[in-house]
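**Q** give the three-dimensional model of this entry:
(chains A and B)
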Amino acid sequence: MADRVASEPDFVRQALRVAAKDLRIEWRSREVFSTMTFLAVVVVLIFSFAFVVEGARPPAPVVAGILWVAVVVSGTVALSRAFDREREGEAIRSLLLSPAPRSAIYVGKLIATICLMLVTEAVLTGLCVVLFGAHVDAMLAQVVLLLVLGTVGVAAAGCVFSAALLRARGRDALLATLLYPIIVPIVIAGARGTAQLLDVKPDLDGARFWTQFLFALDILFVTAGLWAFEPVVGGD
Amino acid sequence: MLSAVGKIYGGRRALHGVSARFEPGRVAAVLGPNGAGKTTLLGILSTLVSPSSGTVRWGDDPLGRGSPSRAHIGYVGHDPGLYVDLTARENLKFFSALHGCDATPGRVDRLLARVGLADVPDDATARTFSRGMLQRLALARALAHDPALLLFDEPSAALDPAGAAWLQTELAAERTAGRTVVLVTHDLEATAAIADQVLILRRGRVVLDATPAGGFQADALRSAYREATGG
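**A** Coordinates of the predicted model:
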């Protein structure tokens, strides 16, 4: 019977296949991306009307806070849709029956979600520069690094909850309820680090601390995700 | 082979000590009223559901979530198990690649031709397919890795008569190809026409496991079913 399978596909390829499949579907419909971006822009606009006085540049912590709230809100849309395509037509069953390790499926979903969130965050960052005159240019690489690390952490936790809620009623509301308390440290670290970078006098040491803190959280969340995904998607 | 398999869901016993043997080149039909445990049995055979007790073996190998033998299971359910936003070719390419099989366009085309979908447009996503076309594509997906064990969960549900007739032919073809076919169904007529072995479940227990040499007659099967299930 062993000769029926041509070759044992490796973990990385399996994960990339799952990610590429998700991104291909999204590229075709742009359904999740357009919803995420629309929501993120609306959040930024509402906050800008609420907190920004005409003619005055808002303080860096306000801009950082608005940016990270928009990241989390738009990211929740991506996460709540992360397993929709698996649920429709019961594709999840075929995926779980394949020899792909479940951790590879998790990593694939994680990569696709991170890609989607990062594209939306690029739009968001540009919007913050235009609306708030944020000093991003000098610290762009550091701000991008904070956003990437924060996104990895949010997506790592969110993909597990999204999979756990695959068949749950009211999963959109449940996802936010379960996810937000878990990702509070990520949002605080991201917002504090970004604020220190966007300040007129950037605090590079402070930002470095929050970057390292986010990196440590990412390791924790991705490890926990890899461990939790298998029992969470179990067929029983 | 199932040996004294039991399954408990949250204190409710879905299967009690089920033992059965399914042979290559045979179609085994699993029958029973709703809630009898048919789908749980198929779930255990597919390795998606773990038994609470007993053992499942494929040849000499244990069949479970971590065993290599699970790569040789094909599953066709009432839902197609496909990505409806991908085209037929993209679906087959994706699942073939996941199974480590040849996912070249030539092989994908052969799989489509095998289930009568050779002419399906390249750019049509599965979402645009009829129920019958989806079921054909689901079979192609299940056959993509050339499985030795094919599991069907009420595959003819919602199929029109032409689709159901096509499915009968396919089941016969899979039997001829030497696969072990296990079919969960409520359709006694179809079972009588195709099955070599009938397993009837009632309240999670096997109440009949028959493999008559001359096959089944529809009337005899109906009577046996009524007697076994009390309905």
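**Q** CA only for contacts and neighbour counts going forward, please
**A** OK.
**Q** what segments of chain B are strands?
**A** For chain B, the strands defined by DSSP state E cover B:2-9, B:12-20, B:26-31, B:53-58, B:61-62, B:73-76, B:149-153, B:180-184, B:197-202, B:205-210.
**Q** contact partners of the shortest one?
**A** Spelled out, that is strand B:61-62. By CA atoms under 8 Å, 6 or more residues apart in numbering or on different chains, the surrounding residues in contact with strand B:61-62 are B:55-56, B:67, B:69.
**Q** same check on the longest one?
**A** Outside strand B:12-20, the residues that touch it by CA under 8 Å, 6+ apart are B:1-8, B:35-37, B:40-41, B:53-54, B:203-206, B:209.
**Q** and the helices in the chain?
**A** As the question left the chain open, I've gone with chain A. Using DSSP state H, the helices found in chain A span residues A:11-29, A:31-51, A:60-80, A:84-87, A:91-97, A:102-132, A:140-164, A:171-198, A:204-233.
**Q** nope, chain B please
**A** In chain B, the helices defined using DSSP H lie at B:38-46, B:88-98, B:105-114, B:131-143, B:161-176, B:188-194, B:218-229.
**Q** with only the CA atoms kept, save stretch A:124-134 in CSV.
**A** What follows is stretch A:124-134, C-alpha atoms only, in CSV (Å, rounded to 0.1, in the frame of the first residue of the first chain):
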residue,chain,number,x,y,z
LEU,A,124,-3.5,52.1,7.6
THR,A,125,0.0,53.4,8.2
GLY,A,126,-0.2,55.6,5.0
LEU,A,127,-3.5,56.9,6.2
CYS,A,128,-2.1,57.8,9.6
VAL,A,129,0.8,59.7,8.0
VAL,A,130,-1.6,61.7,5.8
LEU,A,131,-4.2,62.4,8.4
PHE,A,132,-2.0,63.0,11.5
GLY,A,133,1.3,64.0,9.9
ALA,A,134,2.9,61.2,11.8
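**Q** excluding its backbone neighbours, what's nearest the residue of chain A found nearest chain B?
**A** Chain A approaches chain B most closely through A:Ala91 (4.0 Å), counting by CA to the nearest CA. Nearest residue to A:Ala91, sequence neighbours excluded (CA to CA, 6 or more residues apart in numbering or on different chains): B:Gly81, at 4.0 Å.
**Q** so that neighbour touches A:Gly89, yeah?
**A** Yes: counting by CA atoms under 8 Å, B:Gly81 touches A:Gly89, with 5.3 Å between them.
**Q** where does pLDDT dip in chain A?
**A** Low-confidence segments of chain A (pLDDT under 70): A:1-9, A:235-236.
**Q** one step back: residue contacts, the residue of chain A closest to chain B?
**A** Residues near A:Ala91 by CA under 8 Å, 6+ apart: A:85, B:80-83.
**Q** of the residues you listed, select the buried ones using a PyMOL command.
**A** Only the buried entries of the contacts of A:Ala91 go into this PyMOL selection, using 16 or more other CA atoms under 10 Å in any protein chain shown:
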select buried, (chain A and resi 85) or (chain B and resi 80+81+82+83)
